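**Q** Make a model of this:
(2 chains)
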There are 2 protein chains.
Amino acid sequence: MLVNGKAGNLISIRDRGLLYGDGVFRTLRGEQGRPLHWPLHYQKIQHDCNALGIACPDYARLSAELAGLLADHPDGVFKLIVTRGQAKRGYAPSPQTIPLHIWDVAPVPEYPASWALQGVTLALCELRLAWQPRLAGIKHLNRLENVLAAAEIVGLGDSVAEGLLLDADDNVIEGTRSNVFLISGGRLITPDLARCGVAGVQRDRVMAYAGEIGMAVEVRDVKLDELRGADEVFLSSSVFGLWSVSRFEQQQWTGLDYVLRIRAGLAGEVNA
Amino acid sequence: MLVNGKAGNLISIRDRGLLYGDGVFRTLRGEQGRPLHWPLHYQKIQHDCNALGIACPDYARLSAELAGLLADHPDGVFKLIVTRGQAKRGYAPSPQTIPLHIWDVAPVPEYPASWALQGVTLALCELRLAWQPRLAGIKHLNRLENVLAAAEIVGLGDSVAEGLLLDADDNVIEGTRSNVFLISGGRLITPDLARCGVAGVQRDRVMAYAGEIGMAVEVRDVKLDELRGADEVFLSSSVFGLWSVSRFEQQQWTGLDYVLRIRAGLAGEVNA
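**A** Residues are numbered from 1 along each chain as shown, chains lettered A, B, ... in the order given. Take a look at the predicted model:
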């Protein structure tokens, strides 16, 4: 682990990341020493820092730190956190505050092989995501909604791989740790994240690839009935890639045409 | 500062308080070595821990730690944070995780004397609080809304003491670091916090005292027009006590009858 580029695993109890969740993060895969889609992750964390008025550490510095970590851990899940740093008491941020950044490494999670091959069971969470357009899309450190939603899913046992989150208006938004896609009549549809949700790097990659192969891509509000009636449903994440949804409540899907094609396409892309 | 009861000011970068804002906190005043309304603060943090499924450290232990801090710092602002602690990767909490608790001490903020004597200027924040009934009322560590709102107020200069927060439905909810009260026709009115907002200890004390002296107390939705038309408006906080609002946009108030009476009443209460 690195804290501001130095080996360490501790931060101050006065860091605003702890006090207020005042920071952002990204999670990416290292594979055989290569940081998968690191430039895209950097773009996202830079965007999210800007949205909160936090100065993002520069690309060259973070890239060098990541390269150092990959030399020791060629395969793993790398987490980058940028917080606003440590400041005097009170919610108001000060322009003088110096941001803090943290790298952590964890082993790649071991999921059942069937999840990637045949698909996963998705379950509906009771928790509804709140609308906060000022924070929507950003992968910030205020993640209690995800914690509560994930706790619901753990209670359902190991057969459920992911929880589906709606907003208070019953729009489908995302998984607890993934983005959601529908295939309907050859079109790719994914929920609009203007009011809540986290816009993942893998989500962008899926949309870009679908556009490249000539699919119509729609980013808009999606209701549960549309999801239930879709030809295919799949989840995206920088950690697990793409998982087809084979079951959601009474609905079952067996077709994997599009998810396999998109997965193969993404796997074949130059790591950029 | 104490971390799990031991002198220290560092926590792990893997603590869920940092990673997800998965924790709660309280801020209370020490005055001449006495912890003001500590039992009420404990009740609140215990309630908030329960709401998130975090085991709250017991009262005797926290009281002893606080007494030790007060011996060195008889006057100050004491902050208690309880996080879910450090766990394996992922949003889902585990019942095995051992909570972490932190005490920090800061000097009592020095506000202009006029703020307590003549009242303060309140300004409307553009940010609207999101509705999340699962987290409403709880003083948790997901405070980015407060950060963004406080940043708006800092931009207005030193003459504005506090920012007023509405929800997306234009209900008055709270200040960025305080609760809001109206006096209308001798009744005490404060916003319902069932969908968003933080329920402060001082808010409870104001309502309890008003009830004791025979005032009608109403907890319900409040719109801006009702606030503008109120006989008195005041703010409550465990750090600053009560501040009358003397100005909000074009509206000015000079009457202090109720706020002075309630403030005097609260000051006269046994420290419980």
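**Q** what ranges do the strands span in the stretch 101-250 of chain A?
**A** Listed in chain order, the strands of the stretch 101-250 of chain A (DSSP state E, counting those that start in this stretch) span A:120-129, A:160-167, A:172-175, A:179-184, A:187-191, A:217-220, A:232-237, A:241-248.
**Q** Quick one, which of these gets closest to chain B.
**A** strand A:120-129 (5.8 Å; Cβ to the nearest Cβ). From N, CA and C alone the C-beta is placed, and that goes for glycine too.
**Q** before we move on, the earlier item: turn the strands of the stretch 101-250 of chain A into TSV, including distance to B:Met207 and mean neighbour count.
**A** Conversion of the strands of the stretch 101-250 of chain A to TSV gives the following (distance: least, Cβ to Cβ, whole Å; neighbours: other Cβ atoms under 10 Å in any protein chain shown):
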stretch	distance to B:Met207	mean neighbour count
strand A:120-129	29	20
strand A:160-167	32	23
strand A:172-175	36	26
strand A:179-184	43	23
strand A:187-191	41	22
strand A:217-220	45	14
strand A:232-237	46	25
strand A:241-248	45	22
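**Q** Which residues are in contact with the closest residue in space to A:Gly229 that isn't next to it in sequence?
**A** In space, and not counting its chain neighbours, A:Gly229 is closest to A:Ser184: 7.4 Å by Cβ to Cβ, 6 or more residues apart in numbering or on different chains. The contact partners of A:Ser184, taken as Cβ atoms under 8 Å, 6 or more residues apart in numbering or on different chains, are A:226, A:229-231.
**Q** Packing partners of whichever strand or helix holds A:Leu18?
**A** Here A:Leu18 is covered by helix A:16-20, with elements defined by DSSP states H and E. Here helix A:16-20 touches strand A:76-83, helix B:16-20, strand B:76-83, helix B:144-154, going by 3 or more Cβ pairs under 8 Å, 6 or more residues apart in numbering or on different chains; DSSP states H and E.
**Q** Just send the strands of the stretch 101-250 of chain A back as TSV, with mean pLDDT too.
**A** Shown next, in TSV, are those (pLDDT from 0 to 100):
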stretch	mean pLDDT
strand A:120-129	98
strand A:160-167	98
strand A:172-175	98
strand A:179-184	98
strand A:187-191	98
strand A:217-220	98
strand A:232-237	98
strand A:241-248	97
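**Q** how about those strands, which one is nearest B:Gly163?
**A** strand A:120-129 (24.7 Å; Cβ to Cβ).
**Q** Starting from the closest one, tell me which strands it pairs with and how they run.
**A** Its sheet considered, strand A:120-129 pairs with strand A:160-167 (parallel), strand A:241-248 (parallel) by DSSP bridges.
**Q** can you redo the ones you listed as a markdown table with distance to A:Asn146?
**A** Conversion of these to a markdown table gives the following (distance: least, Cβ to Cβ, whole Å):
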| stretch | distance to A:Asn146 |
| --- | --- |
| strand A:160-167 | 8 |
| strand A:241-248 | 17 |
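**Q** So which of those is nearest A:Leu36?
**A** Using Cβ to Cβ, the strands paired with strand A:120-129 put strand A:241-248 closest to A:Leu36, at 9.5 Å.
**Q** Give me the distance between the very next helix or strand once past the closest one and the centre of its chain.
**A** Under the assignment DSSP H and E, the closest C-terminal helix or strand after strand A:241-248 is strand A:251-252. Put simply, strand A:251-252 sits 25 Å off its chain's centre (Cα atoms, centre = their mean, to the nearest Å).
**Q** now do stretch A:22-40
**A** 11 Å.
**Q** Can you give me the end-to-end span of it?
**A** Stretch A:22-40 has an end-to-end distance of 22 Å (Cα to Cα, to the nearest Å).
**Q** same question, stretch A:101-120
**A** 34 Å.
**Q** Same question for stretch A:222-235.
**A** For stretch A:222-235, the end-to-end distance is 15 Å (Cα to Cα).
**Q** What residues of that stretch count as buried?
**A** A:222, A:224, A:227, A:230, A:232-235 (16 or more other Cβ atoms under 10 Å in any protein chain shown).
**Q** and what of stretch A:35-49?
**A** So stretch A:35-49, judged by 16+ other Cβ under 10 Å, has buried residues A:35-38, A:40-42, A:44-46, A:48-49.
**Q** Excluding residues flanking it in the chain, which one is nearest the residue in the stretch 151-272 of chain A positioned nearest to chain B?
**A** Residue of the stretch 151-272 of chain A nearest chain B, by Cβ to the nearest Cβ: A:Val154 (4.5 Å). Counting by Cβ to Cβ, 6+ apart, A:Val154 lies nearest to B:Ala92, which is 4.5 Å off, once chain neighbours are set aside.
**Q** Run a quick neighbour tally on the one you found.
**A** 20 (other Cβ atoms under 10 Å in any protein chain shown).
**Q** Where does it fall, secondary structure wise?
**A** Applying DSSP H and E, one finds B:Ala92 in no helix or strand.
**Q** I'd assumed A:Ala150 was in contact with it.
**A** Yes. Using Cβ atoms under 8 Å as the test, B:Ala92 is close enough to A:Ala150 to be in contact (3.9 Å).
**Q** and the closest residue in space to A:Ser237 that isn't next to it in sequence, what are its phi and psi?
**A** Distances taken as Cβ to Cβ, 6+ apart place A:Ser178 nearest to A:Ser237, at 4.4 Å, with adjacent residues excluded. Dihedral angles of A:Ser178 (phi, psi; degrees, to the nearest 10) stand at phi -160, psi 170.
**Q** domains for chain A, by residue range?
**A** Using automatic domain parsing, the domains assigned to chain A come out as A:2-106, A:113-268.
**Q** list the contacts for A:Leu66?
**A** A:35, A:38, A:78, A:80, A:103 are the contacts of A:Leu66 under Cβ under 8 Å, 6+ apart.
**Q** what does A:Arg29 give?
**A** A:Arg29 neighbours (Cβ under 8 Å, 6+ apart): A:35-36, A:76-78, A:108, A:238-239.
**Q** Of all pairs in the contacts of A:Leu66, which one is the farthest apart?
**A** Longest distance between any two of these is 12.1 Å, between A:Trp38 and A:Trp103; criterion Cβ to Cβ.
**Q** Next, count neighbours for the residue nearest to A:Ser237.
**A** If we define neighbours as other Cβ under 10 Å, then A:Ser178 has 27 of them.
**Q** does it really touch A:Gly241, like I thought?
**A** No. With contacts counted by Cβ under 8 Å, A:Ser178 stays clear of A:Gly241, the gap being 10.0 Å.
**Q** quick one: common contacting residues for these two?
**A** With Cβ under 8 Å, 6+ apart, A:Ser178 and A:Gly241 have no common neighbours.
**Q** Could you pull up the contacting residues of A:Gly23?
**A** Counted by Cβ under 8 Å, 6+ apart, A:Gly23 has contacts A:16-17, A:52, A:54, A:81-84, A:99-100, A:140-141.
**Q** hmm, I was thinking of A:Arg16
**A** A:Arg16 touches A:22-23, A:83-87, A:93, A:97, B:147, counting by Cβ under 8 Å, 6+ apart.
**Q** again, but for A:Ala216
**A** Per Cβ under 8 Å, 6+ apart, neighbours of A:Ala216: A:186-188.
**Q** For the residue nearest the centre of chain A, which non-adjacent residue is closest in space?
**A** The residue lying closest to the centre of chain A (Cα atoms, centre = their mean) is A:Gly200, at 4.2 Å. Distances taken as Cβ to Cβ, 6+ apart put A:Asn179 closest to A:Gly200, at 5.0 Å, once the chain neighbours are dropped.
**Q** ok, that neighbour touching A:Leu188?
**A** No. Look at A:Asn179 against A:Leu188 with Cβ under 8 Å: they stay out of range, at 11.8 Å.
**Q** shared neighbours of these two, anything?
**A** The contact lists of A:Asn179 and A:Leu188 share A:Val206, where a contact means Cβ under 8 Å, 6+ apart.
**Q** All set now, cheers.
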